[in-house]
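Enquirer: how would this look folded up:
(4 chains)
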There are 2 protein chains.
Amino acid sequence: MVELTQQVDTARRAPLTRDRVLRAAVELADGTGIDALSMRKLAQALGVVPMALYKHVANKEELLDGMLDVVVGEIDPPAAGDGWQPAVRQRILSARRALLRHPWASRVLESRTAPTPVVLAYMDSMMGMFRSGGFSVDLTHHVMHAMGSRILGFSQELFGTPAAGSQDAAAGVDPETARQMAARFPYITEITTQVAHDDASVVGSGCDDQFEFEFSLDLLLDGFERLRREGWTSR
Amino acid sequence: MVELTQQVDTARRAPLTRDRVLRAAVELADGTGIDALSMRKLAQALGVVPMALYKHVANKEELLDGMLDVVVGEIDPPAAGDGWQPAVRQRILSARRALLRHPWASRVLESRTAPTPVVLAYMDSMMGMFRSGGFSVDLTHHVMHAMGSRILGFSQELFGTPAAGSQDAAAGVDPETARQMAARFPYITEITTQVAHDDASVVGSGCDDQFEFEFSLDLLLDGFERLRREGWTSR
DNA sequence: CCGGCAGGTGTACGGCGTACACCTGCTGTC
DNA sequence: GACAGCAGGTGTACGCCGTACACCTGCCGG
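Expert: Okay, here's the model as predicted:
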């Protein structure tokens, strides 16, 4: 009875919880981009006055931290069996999938100054994969540094997507500009023309991001394995 | 005479130029951090009303782009002689020095969506170093992707400096918290304690950033060289 | 029954980027 | 020399932001 009353009273709107706030924030950021995510807009989406949010998150920073925790929570746990290398590879690609589902997450991640416990736990389990794969404490340490943001599935390339609305690199520029470009940046031109030729089928920017990611991931992992076999140490 | 008059009239304040604006912005960001850099504060530092800036930069985005150009302009040109590997290494470490002089630059760089011509020129000359070092167009392309932000001298590690004012990782936490940490994050604990033991001399966070950077840089460069010798191709 | 408190509200403040109208003093033209 | 034009600095104002603080309300344990 009491429960019923409560349900009816608050039925005009489901009660706010930290979890509901975070999920709504993730959804909003997914849909409209992280720049459009303000406390006010989020509150509006939840049918609530802005200040109500502050009963569930201390401030916007903590909101962002919580959103990242949601994303990191979507990453698969380590796979059993296999060697360390396929297991690490697989998990990082899972992280990448999560990050691709929430394109704002990498930028937010970069802006954070301290990791949350959830992120720490992820890093810790990642280190565990190396350790139990036969890596020394020393090597594991440096290997984690070398992975950098790749450990979380994004590659921190400079200037990722050229922002919606801009022209196709190849198609959009007039011939004169193209000629000037070619003169000033011969090597860039060389590469872009070859790439454009190679994948006439693909519509996008011309670079296969997934390929690039796996290319450098494997380059690193192979390098790690080599060092491990050699018993590398920083002395 | 005319010149003299001009000097006197405007002597109350040196005339604003795009260059003066950019340099002042860099200086301000160096001194007070990028977050404290607003159009209003910058104008104040220049003894000018905020809107005056807009006669020299279109908007804040363009201001930031210009500031980055200043930083990238500080990077040494490619060294002649040597093989490709020492030359690339040397140049990237020069970029790193520039970025370290302006700690805000990497964060701003990450936030940019399109490169400026100055940055493009830098990238282009970097590609040139690989090409003339015997790399195929194909391999150069992927190698540039693999370098990611390292090409500009920063490593995009997650959670860099733990923000001024926070405690030393080792010294600041009470024993109880430390015990809980150790239980929840065994591998992190394992590494941090070993690091803390190794460099009892160093006061900082415990990680030698320069070492980590060069470690992964060389790992990548060695990998590149191996692929080049093997005549690697993406097919 | 009632005191407290968790959770939602309303108002307000200071800061931000920047649009727009304005003013002012130098410059090139006749 | 007169004057039009214009580059560059000013002032005001708008709409957004995060969030401090006081308030209200309705449920819950004693």
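Enquirer: only C-alpha atoms for contact and neighbour calcs from this point on.
Expert: OK.
Enquirer: report the buried residues of the longest helix along chain A.
Expert: Counting by DSSP state H, the longest helix found in chain A is helix A:209-229. Residues A:212-217, A:219-221, A:223-225, A:227-228 are the ones in helix A:209-229 that count as buried (16 or more other Cα atoms under 10 Å in any protein chain shown).
Enquirer: save those residues as TSV, and put in distance to B:Tyr122 too.
Expert: Compiled in TSV, the buried residues of helix A:209-229 are given as follows (distance: Cα to Cα, whole Å):
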residue	distance to B:Tyr122
A:Glu212	21
A:Phe213	22
A:Glu214	25
A:Phe215	23
A:Ser216	21
A:Leu217	25
A:Leu219	24
A:Leu220	25
A:Leu221	28
A:Gly223	27
A:Phe224	30
A:Glu225	33
A:Leu227	32
A:Arg228	35
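Enquirer: nearest to B:Val118, of those?
Expert: Within the set of these, A:Glu212 lies nearest B:Val118; the separation is 24.4 Å, counting by Cα to Cα.
Enquirer: give me the below-cutoff pLDDT ranges for chain A.
Expert: For chain A, the stretches with pLDDT under 70 are A:1-13, A:160-173, A:200-205.
Enquirer: near DNA strand C, which residues of it?
Expert: Residues of chain A lying near DNA strand C by Cα under 7 Å from any atom of the strand: A:15-17, A:48-49, A:51-53, A:55-56.
Enquirer: list only those of those flagged as buried.
Expert: Among these, those buried by neighbour count (16+ other Cα under 10 Å) are A:53, A:56.
Enquirer: that older thread, quick one: which of the buried residues of helix A:209-229 is nearest B:His141?
Expert: A:Glu212 (9.3 Å).
Enquirer: could you list every residue that touches the closest one?
Expert: Contacts for A:Glu212 (Cα atoms under 8 Å, 6 or more residues apart in numbering or on different chains) come out as B:142, B:145-146.
Enquirer: if I look at it, how far off is A:Ala79?
Expert: For A:Glu212, the distance to A:Ala79 equals 24 Å [Cα to Cα, to the nearest Å].
Enquirer: now A:Val88
Expert: For A:Val88 relative to A:Ala79 (Cα to Cα), the value is 8 Å.
Enquirer: and the residue nearest to A:Phe185 when sequence neighbours are not counted, what helix or strand is that in?
Expert: Closest residue in space to A:Phe185, ignoring its immediate chain neighbours: B:Asp124 at 5.7 Å, by Cα to Cα, 6 or more residues apart in numbering or on different chains. With secondary structure defined by DSSP states H and E, B:Asp124 is part of helix B:117-132.
Enquirer: got the phi/psi numbers for the closest residue in space to A:Trp232 that isn't next to it in sequence?
Expert: With Cα to Cα, 6+ apart as the measure, A:Leu139 is the residue that lies nearest to A:Trp232, at 7.2 Å, once sequence neighbours are left out. For A:Leu139, the backbone dihedrals (degrees, to the nearest 10) come out as phi -70, psi -40.
Enquirer: my guess is A:Leu139 meets A:Glu230, correct?
Expert: No. Taking contacts as Cα atoms under 8 Å, A:Leu139 lies outside contact range of A:Glu230: 11.2 Å.
Enquirer: does A:Val70 sit in a helix or strand, and which one?
Expert: Counting by DSSP H and E, the element that carries A:Val70 is helix A:60-73.
Enquirer: okay, buried residues for whichever helix or strand comes after that helix please.
Expert: Per DSSP H and E, helix A:60-73 leads on to helix A:84-101 as the next helix or strand towards the C-terminus. Of the residues in helix A:84-101, those buried by neighbour count under the rule 16+ other Cα under 10 Å are A:84-85, A:87-99.
Enquirer: before we move on, what about stretch A:59-66?
Expert: Neighbour-count burial for stretch A:59-66, with 16+ other Cα under 10 Å as criterion, is recorded at A:63-66.
Enquirer: could I get those residues as a markdown table with distance to B:Leu120?
Expert: Shown next, in a markdown table, are the buried residues of stretch A:59-66 (distance: Cα to Cα, whole Å):
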| residue | distance to B:Leu120 |
| --- | --- |
| A:Leu63 | 36 |
| A:Leu64 | 32 |
| A:Asp65 | 34 |
| A:Gly66 | 36 |
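Enquirer: quick check, nearest of those to DNA strand D?
Expert: Proximity of the buried residues of stretch A:59-66 to DNA strand D (Cα to the nearest atom of the strand) peaks at A:Leu63, which lies at 8.3 Å.
Enquirer: for that closest one, give me its contacts.
Expert: If a contact means Cα under 8 Å, 6+ apart, then A:Leu63 has A:22, A:57 as its contacts.
Enquirer: so who does the spatially closest residue to A:Pro78 that is not a sequence neighbour touch?
Expert: In space, A:Pro78 comes closest to A:Arg91 once its chain neighbours are excluded; the distance is 6.1 Å by Cα to Cα, 6+ apart. The contact partners of A:Arg91, taken as Cα under 8 Å, 6+ apart, are A:75-79.
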